[in-house]
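K.L.:
Sequence below, structure please.
(one chain, ligands or ions: 1)
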Amino acid sequence: MSEFSKRLQSLSPRSRTTVLALLVSLLILRSRLLDAPGSLYAKLIEATKGKKPGPEDIEDARQRVYIDEADGSKTLLVPYGNKVSKINIKPTPPSVLASSAKFFPLLSASHKPTLSIAFLRQLSAVLKIAFPSLTCRESFILVLHSFFLVMRTVLSVGVAKLDGRIVKDLVSANGKGFLKGLGLWFLLAIPSTYTNSMIRHLQSSLSLRMRTRLTRYTHDLYLSSYPHLRYYRVGLEGGLEGVDQYITADIAAFSDSLSTLYGNLIKPSTDLILFTLSLSRSLGPSGTVLLFANYYITASILRAATPAFGRLAEVERRLEGEFRAGVGRVGREAEEIAFYDGGKRELDILWSAYTRLIKHVNSIFKIRIAYEWTEDYVIKYLWSAAGYGLISIPMLMGRTRSLGVQTAPEVDSDGPDDAVADRTENYISSRRLLISLADAGGRVMYAYKDLLELSGLTTRLYTLLSTLHSLPPLPDITSPTDEIALEHVDVGVPPLSFALADDAATVNPPLVRDLTVRLRPGEHLMITGSNGVGKTAVARVLAGLWAPQGGVVRRPDEVLVVPQRAYMVAGSLLDQIIYPHSYAQFAKSGRTEKELIEILEAVHLAYLPAREGGWRTRKEWRDVLSGGEKQRMGMARVFYHKPKFAVLDECTSAVSSDVEGRMYEHAKTLGITLITISLRPSLTRYHTQLLTLSGDGSGRTTLARVGAAAVRMGIGREIINLEDKLREEGSWRRRLEELDGLLGIQKR
Ligand SMILES: Nc1ncnc2c1ncn2[C@@H]1O[C@H](COP(=O)(O)OP(=O)(O)OP(=O)(O)O)[C@@H](O)[C@H]1O
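P.N.:
Numbering: from 1, shown residues only. Model (predicted):
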C-alpha cells in the first residue's frame, strides 16, 4: 500500500486526481453491481436459495403464461431448463398513450429524412418514450455510459502525456525515470481497458433497454382493443404496410443505431475539445486559430460531399420489409402454394423483392466509396499535413511549452541535451495528440454519417407511431340494451384517410344503403346475397370494426363474431376453445375440463383431447386440424362464451350439413341469438328473419320473415324439386330390379 501511495505521490497533481477518481468510481460500480438489492448478484443469490420448481410447476407456468397482479401489471412466467423466471410487465396506461399523441403529428408526404428541425422533433418524441423520466433506469445507464466515455478521453490524454514522458526519459538516458514511467504505464492500462469494456457493455445494455421500452409502448398502442382496434385498422385506414418489419427489425435497428451513435459522437467530440485545448496550449493563439480554420474547411468539404444517407436508410428498411413480408407470406400460405405447385412462381416474386433490396444496398455501397474516399483523404492526410505545419510553428520559432506532465525545466540552467529532450517530449506529445485528433475527427465524421442514417430510422419509427396515434377511436355502438338495432345504416369500406397529413379523405361508395333491422333476443337473422355484395361488411359494422357511413347502430356488449377462416391461437388445445380468454381467466372462472368436453361433444370434436395427447398439448393447430375441425372449434368458442348474439359469417361452410344443423339447434338451446351470413338456403329454417342484399350494385336490401310468402317461394321451389324426384322413385326401383335380374343378382 505504501508503495502505491509513493507512486501516487510521484504523479503530477492532475494525473493523481485522475487515478483517484478512477479508483473511487470502480469501487462505486462494484458495490452497485454486486451488493445493491435487486442487483444481478442479489438476484442470483435469491434464485439459488428459493425452492426449485418441479415439472408440474414448470408445466403450469407454461400453460398459465402470466399472472395478473393487483396493481394492474402482469408477471410473465418464462420456463427455461428446470427454472421459471418471473418478469413483471407494467402495461402503458391508456392515459399515457393518449397524452403522448400530441407529440406525434402526421408527417407530410414530401418529408425527407435529413438533419433538420423536423428530425430533432421526431427524435425527441421517440426519446420521450425511451427515456420516460430523469430517474428511470435508462437515464442511469446513460449517465454511467457518459461517465466512462469522458473517463476514456481523460485517460487517453494521460496516456499521451505519459508516452511523451517515457520518451523524454529515454532520450535523456534517465533509467530510473524510464522505469517509473513504465510502471505507471501498466497501472494506467488497468482502468483504460476496464473503461473500454464497460463502454461496450453499457452501450449494449442501453440499446436493449431502449428497444424494450419502445417495443412495449408500440405493442400497447398497436394491440389496442375496441374502440381503437389499431392492429386491425393500421393497414386498412392508416395505409401502413409491413408493420412486422417496423415493430421487430426497425425498433431494434433504431435502438442500436442511437446507442452506438451516442458513444461514437460523445467520445470523439469530447476528444476533439480536450485535445484541442491541450494542443492550443502548445500551439499558441495563432496556431489555435489555424487549427479552427482547418476544422471549418474540412467540415465544409465533407458536408458538400455527403449523400442523403437518411433517405437511403429509410428506403433500405422499406425494401427489407417487403422482402420479409414475401417470405412470411410463403410460410403462412405454404399448403395452398404447394397444392398449386406454385413454388416457381413464388420464387420469382421473392427473387424480384430481394433483387430490388440488394440493388439498393449495392448503390449505397457505391455512393459510400466516393464519400469515404473524400473523408479519408481530408481527415487522414489533410489534417496530418495541417498538424505538421502547426507543430512546426512553435518548434521552429524555438518555443518550448510544456504540456503539463511535469513542470517545465529551466532551459537555461539545463544543457542543450535537456532542451532537445524537452522539444522531443513536446513533439511526441503533440504528435500523439494530433494523431488522436485526426482519429477523433474521423470518428466525428463517421458519426455524422450515422446521424444521417439515424434520421432515416427515426422517420420509420415515427411514421409507425404517428400513424397508430392518428387513428381516431371508432364510434361507440355498445349500449345497455339487449337488442341489436340498425337504423338507416349505410355500410362501406372505410376511407384511407389517415395515412398522410395532406391526404384528402376519399369516401368509398356504400355497399349497403339505408339498412334498418331490429333484433330482439330469440329473433334469429339470416343474411344472404351473392358474393361480394357486402354481407361480411355488415358483420364488420355489427362487430364495431368498421364505422357505419351513416345511420345509427346500437348493440349490447355481448356479441361474438365467428369468421369463415377459423383462427387458431398459439397455445394448447384448451386455449383454442377458450380464446380470446387466457388460461388464467379460465382458472378464475371456476369452469371445468368436464364442461369443455361437453362443449366438444356438441361440436362433434370430443375425440380431440385423446387424439392430440390431452388438453395441454401445444401444437401448430392451424396445420394439425382439418378445415371442418377448425370451423367446429369456432363454434365450440361460441358455446364456451355463450354470448347474447353470435354473428356466424359462413363459419360452418366446411362442416357437414347434419352436424351443422345440430350445432345450430344447440346454440339456440343455449339462448344464443344467431345472425348467420350464408348462401345455404337449408340454414334458413333456423332463423326467423331473412335479409337479402341485392347484387345489382344499388345497395338495396329486402327483409322478410321466414315463413312469409317471399321466403316460402325460395324453399318451396326446392321442395317441389325434391317431391318430383320422389315421385319417380317407383320407376327407378323397377329399373334396378331389371338390372339385377340381367346380372343374375339374387336379393335375399
Ligand atoms: N379491406 C378492404 N379493402 C378494400 N375493399 C374491401 C375490403 N374488404 C372488403 N372489401 C370489398 O367490399 C366488398 C364486399 O366485401 P364482403 O367481404 O362484405 O363481401 P361478401 O358479401 O361477404 O362476399 P362473400 O360472399 O364472397 O364472402 C367486396 O367487393 C370487397 O372487395
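K.L.:
Out of the helices and strands in this protein, which is least certain?
P.N.:
Lowest mean confidence among the helices and strands of the chain (mean pLDDT, DSSP states H and E): helix 40-49, at a mean of 50.
K.L.:
which parts of the stretch 151-300 of the chain sit against the ligand?
P.N.:
The interface of the stretch 151-300 of the chain toward the ligand, taken as CB under 6 Å from any ligand atom, is made up of residue 236. The C-beta positions use only the backbone N, C-alpha and C, and glycine is treated the same way.
K.L.:
give me the residue from the stretch 151-300 of the chain nearest the ligand.
P.N.:
Nearest to the ligand in the stretch 151-300 of the chain, going by CB to the nearest ligand atom, is residue 236, at a distance of 5.0 Å.
K.L.:
I figured that residue hits residue 471, correct?
P.N.:
No. Look at residue 236 against residue 471 with CB atoms under 8 Å: they stay out of range, at 9.8 Å.
K.L.:
Comparing the two, which shows the higher neighbour count?
P.N.:
residue 471 (20 against 16; other CB atoms under 10 Å).
K.L.:
Let me know the pLDDT of that one.
P.N.:
On pLDDT, residue 471 comes in at 91.
K.L.:
now residue 513
P.N.:
So, for residue 513, pLDDT stands at 93.
K.L.:
do residue 700 as well
P.N.:
The model's pLDDT for residue 700 equals 89.
K.L.:
need the contact list for the closest residue to it other than its chain neighbours.
P.N.:
With sequence-adjacent residues excluded and distances taken as CB to CB, 6 or more residues apart in numbering, residue 700 is closest to residue 694, at 4.5 Å. For residue 694, the contact set (CB atoms under 8 Å, 6 or more residues apart in numbering) comprises 529, 533, 700, 701, 702.
K.L.:
Over to the fourth one: give its phi and psi.
P.N.:
The reference is to residue 701. Per-residue torsions, residue 701: phi -130, psi 150 (degrees, to the nearest 10).
K.L.:
wait, doesn't it sit right on residue 512?
P.N.:
Yes. Between residue 701 and residue 512 there is a contact under CB under 8 Å: 6.2 Å.
K.L.:
quick one on the thing from earlier: check which element follows the least confident helix or strand of the chain along the chain.
P.N.:
Downstream of helix 40-49, the next assigned helix or strand under DSSP states H and E is helix 55-64.
K.L.:
Touching the helix or strand just after that following helix from outside, list them.
P.N.:
Going down the chain from helix 55-64, the next helix or strand is strand 66-68, by DSSP H and E. With CB under 8 Å, 6+ apart as the test, strand 66-68 has contacts from 74, 75, 76, 77, 89, 582, 584.
K.L.:
Which helix or strand contains residue 269?
P.N.:
Residue 269 belongs to helix 251-305 when assigned by DSSP H and E.
K.L.:
typo on my end, residue 518
P.N.:
Element membership of residue 518, judged by DSSP H and E, is strand 512-519.
K.L.:
do the same with residue 361
P.N.:
In this structure, residue 361 sits in helix 343-376 according to DSSP H and E.
K.L.:
Distance from that helix to the middle of the chain?
P.N.:
Mean-position distance between helix 343-376 and its chain equals 24 Å (CA atoms, centre = their mean, to the nearest Å).
K.L.:
Next: stretch 574-594.
P.N.:
Distance, stretch centre to chain centre, for stretch 574-594: 29 Å (CA atoms, centre = their mean).
K.L.:
Also stretch 668-680?
P.N.:
39 Å.
K.L.:
That stretch and the ligand, any residue contact?
P.N.:
No. Judged by CB under 6 Å from any ligand atom, stretch 668-680 and the ligand are separated, with a smallest distance of 6.5 Å.
K.L.:
For the helix holding residue 361, buried residues please.
P.N.:
For helix 343-376, the neighbour count (16 or more other CB atoms under 10 Å) marks 346, 353, 357, 371, 374, 375 as buried.
K.L.:
and that helix, what does it pack onto?
P.N.:
Judged by 3 or more CB pairs under 8 Å, 6 or more residues apart in numbering; DSSP states H and E, helix 343-376 is in contact with helix 251-305, helix 309-332, helix 416-470.
K.L.:
So the closest residue to the ligand within the stretch 351-500 of the chain: helix, strand or coil?
P.N.:
When distances are taken as CB to the nearest ligand atom, the stretch 351-500 of the chain reaches nearest to the ligand at residue 493, 4.4 Å away. Using DSSP: H, G, I helix; E, B strand; the rest coil, the structure places residue 493 in coil.
K.L.:
and it, what pLDDT?
P.N.:
pLDDT for residue 493: 91.
K.L.:
Could I get the phi/psi values of it?
P.N.:
Residue torsions, per degrees, to the nearest 10, at residue 493 are phi -60, psi 130.
K.L.:
unless I'm mixing things up, it is touching residue 537, no?
P.N.:
Yes. Residue 493 lies in contact with residue 537 (CB under 8 Å); the separation is 7.3 Å.
K.L.:
Report the contact partners of the residue nearest in space to the middle of the chain.
P.N.:
For the chain, the residue nearest the mean C-alpha position is residue 247 (2.1 Å; CA atoms, centre = their mean). Applying CB under 8 Å, 6+ apart to residue 247 gives the contacts 215, 218, 219, 222, 464.
K.L.:
that older thread, distance of the residue nearest to residue 700 from residue 688?
P.N.:
To residue 688, residue 694 is 21 Å away according to CB to CB, to the nearest Å.
K.L.:
can you check residue 248 too?
P.N.:
Residue 248 is 49 Å from residue 688, by CB to CB.
K.L.:
Would you mind listing what in the stretch 401-550 of the chain touches the ligand?
P.N.:
Checking the stretch 401-550 of the chain against the ligand by CB under 6 Å from any ligand atom, the hits are 493, 511, 531, 532, 533, 534, 535, 536, 537.
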